[in-house]
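K.L.:
here you go, sequence then predicted model.
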Amino acid sequence: MNKTLITGLVLTGFMVLAALFGGYFAPHSLQDQLKTEYIVDENGKGTIVSPPAAPGAEYPFGTDKNGYDLMTKLLYGAKYTIFVSLAIAVARVFVGGLLGMLTGYYGKNPNKPIRKGASLGILNGIPIFLIAWFAMAGITMNPGLSPLLMSILLGVVLTLVGIPSVIAVTKDKTRVIRDRQFVLASHSLGAGNWKIIRSHLFPHLKESFLILIVQEVILVLSLFGQLAIFNIFVGGTTMYFDPAEFHSRTNEWSGLIGQARTSFYANQWMLFIPLASYIVLIVGFHLVAGGLEAVFKKKYAKSAHL
Amino acid sequence: MGKAAKLAMAVPGALAFIFVIALLPILIQLGENGDSLHLNVSGGLSSIKEYFAGIGTGDTFRFLSGRTEHSFWNQIWSYFDVSLFYVAIGALLGTAIGILAGVYLGMSRAEWLKRIVELVGALPDFVVILLLQFIIVYIATQTGVVLFRVASLSTDQSAIMLPLISMVILPANYMIRTVSQQMKMTLTEDYISFAKARGLGKTYIVFFHALPNVLPFIKADLHKLLGILMGNLFIVEYLFNLHGVTKLIYSDTFAHGGYQFNLVVNSLLALIAVYAIVYGVLRLFLRGWEKVFIR
């Protein structure tokens, strides 16, 4: 354990707790709405209270444009942000890791890294979030499916687009281990393929898998955010017409960022409190990944000659 | 397999990929009352058929923006130029800054600097851009000095500096991390300690012994770098309201008449063209670096 890892674990642990039990501590309910009111105090001076309210005693993080408490929204939305991204990351690493190990182990031509047709690299010109955007674009606005079902759908899409890169990473690592001498020794002592995969490959890869999961969580969270910028929210988008407004159905954090995207001129808390929570979450996972890497790689480091 | 044969295989492959992506919104549809999913294969096939049938009549190259019909060939060039400009500048400046700063970071012992670089690398692109916009607005409200425009309101008041900065930061950051990591690995090699033992200067060793061995890794990473850049382009053009190719995709995809499959395919092809051009330029740029440092 090192300081980086501990800091990261504390940050992410706090967020996970908030996601699990946040609903019980929320200062308001999701339906509580701050309505426009005219209040007269004892001196006879009247003030108008109208949404959005800035952060204060009543509303710790302020309210959104329609007068709903932002902190409550964040606490209720946290479970979608954290658990959906975690589930996608685990699914990506599970499927991709398994396929990567198998293709890396059974693949031919170990010494020559398979070069993709040089010209297919051009497909990098189409970013991954665009594929997800097109897949969700036809169904995300005002869907009849439940938010949970829509989250699962998005999860499936994001898992599918993420698997190839996990396979590629795992394949490379598997090849390196497969060509090591202890694998050859084990093979000549009569170990079968399955035995080698189980007791040599996997034990050597399991630390990489753990780090990979944490890194994938960060990637998935960025994808959530990028999609949310284009009004595709986890759990579906509620669209109002005249004027066109987009609202997250689940209050998932990147959705809250997306729907308040333009408020950096005025009512800045609406954008920056969700954004700050989102950044803290990503930094937390980043620290966990860095900390784990430091723990696992310390032994193998070489030092520079200069 | 020869290069020409490879290219002949790749072009249909890339085309098929683009068609599949553009078909997704047609294929994946909600059911009648919106509570079930179904796969609209026949609609997808007829869209492809219409695309190829329309090439002859010119229907393929017409699209709706709002309710107005435009010709793709008349419109695309100005959009194309904007995207090409930002991607090219981002790629070239990002690589140059990335290599130099990466060399420095690979040797420096300033751990905090490395941590900051890694942290920025972990943050998604749109977060970096939103924070940049926020800083400019904050400075403006505190001091009254508007450093850069945070968004384009009209064509003669377009934001240029801030989008450029946003386009450079992310590729530069990626390059810095790759180069500094490879630099560190290279510096552990025996030929470095041999060069040091011969009494060569530190700068000389870094630039003429270590850097030439780092450049191949950079070359291998170009596709990834450009991939990051293209993703970034979408976010930058959207958040700064720039009129580039990606704007055609995100704002006119669903026009008055519904989903515009032809427009999406054409715009994606234009995007691929931007990618190919910048990739070529970047390869030339790196060849220049090699000419200087490899002896």
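P.N.:
Everything's here; your move.
K.L.:
where does pLDDT dip in the stretch 51-200 of chain B?
P.N.:
Scanning the stretch 51-200 of chain B for pLDDT under 70 picks out the ranges B:152-158.
K.L.:
contacting residues for the spatially most central residue of chain A?
P.N.:
Residue closest to the average C-alpha location in chain A (CA atoms, centre = their mean): A:Leu221, at 2.5 Å. Applying CB atoms under 8 Å, 6 or more residues apart in numbering or on different chains, one finds that A:Leu221 lies in contact with A:81, A:85, A:254, A:278, A:281-282, A:285, B:124. Every residue, glycine included, has its C-beta placed from N, CA and C.
K.L.:
can you pick out the most distant pair from the residues you listed?
P.N.:
The span of the contacts of A:Leu221, defined through CB to CB, is set by A:Ser254 and A:Phe285 at 14.1 Å.
K.L.:
and B:Glu50, how far is that from B:Ala255?
P.N.:
16 Å (CB to CB, to the nearest Å).
K.L.:
equivalent analysis for B:Ala220, please.
P.N.:
41 Å.
K.L.:
those two - which one has more neighbours?
P.N.:
B:Ala255 (17 against 10; other CB atoms under 10 Å in any protein chain shown).
K.L.:
beta partners of the nearest residue to that one once chain neighbours are set aside?
P.N.:
With sequence-adjacent residues excluded and distances taken as CB to CB, 6 or more residues apart in numbering or on different chains, B:Ala255 is closest to B:Leu64, at 4.0 Å. Going by DSSP bridges, B:Leu64 is paired in beta bridges with B:Glu69.
K.L.:
do you know how far B:Leu64 is from chain A?
P.N.:
For B:Leu64, the distance to chain A equals 17 Å [CB to the nearest CB, to the nearest Å].
K.L.:
which strand or helix spans A:His187?
P.N.:
Per DSSP states H and E: A:His187 is located in helix A:181-188.
K.L.:
got a list of contacts for that helix?
P.N.:
Helix A:181-188 is contacted from outside by A:177, A:195-196, A:200-201, using CB under 8 Å, 6+ apart.
K.L.:
look at B:Pro25 and give its secondary structure.
P.N.:
The three-state label given to B:Pro25 by DSSP: H, G, I helix; E, B strand; the rest coil is helix.
K.L.:
who touches it in this structure?
P.N.:
A:134-135, A:137-138, B:253, B:259.
K.L.:
just the helices in the stretch 1-150 of chain B please.
P.N.:
Along the stretch 1-150 of chain B, counting by DSSP state H, counting those that start in this stretch, helices occupy B:3-27, B:41-57, B:72-107, B:111-122, B:125-143.
K.L.:
kindly format the C-alpha coordinates of the fourth one as CSV.
P.N.:
To tie it back to what came earlier, the one meant is helix B:111-122. The C-alpha coordinates for helix B:111-122 follow below in CSV (Å, rounded to 0.1, in the frame of the first residue of the first chain):
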residue,chain,number,x,y,z
GLU,B,111,7.7,13.8,-9.8
TRP,B,112,5.0,16.4,-9.2
LEU,B,113,5.2,17.5,-12.8
LYS,B,114,4.8,14.0,-14.1
ARG,B,115,1.8,13.5,-11.8
ILE,B,116,0.1,16.6,-13.2
VAL,B,117,0.7,15.5,-16.8
GLU,B,118,-0.7,12.1,-16.0
LEU,B,119,-3.7,13.5,-14.2
VAL,B,120,-4.5,15.8,-17.2
GLY,B,121,-4.2,12.7,-19.4
ALA,B,122,-6.8,10.9,-17.3
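K.L.:
phi and psi next, for the closest residue to A:Pro274 other than its chain neighbours.
P.N.:
Nearest-residue entry for A:Pro274: A:Leu256, 3.9 Å, with adjacent residues in sequence omitted and distances by CB to CB, 6+ apart. Backbone torsions of A:Leu256, given as degrees, to the nearest 10, read phi -60, psi -40.
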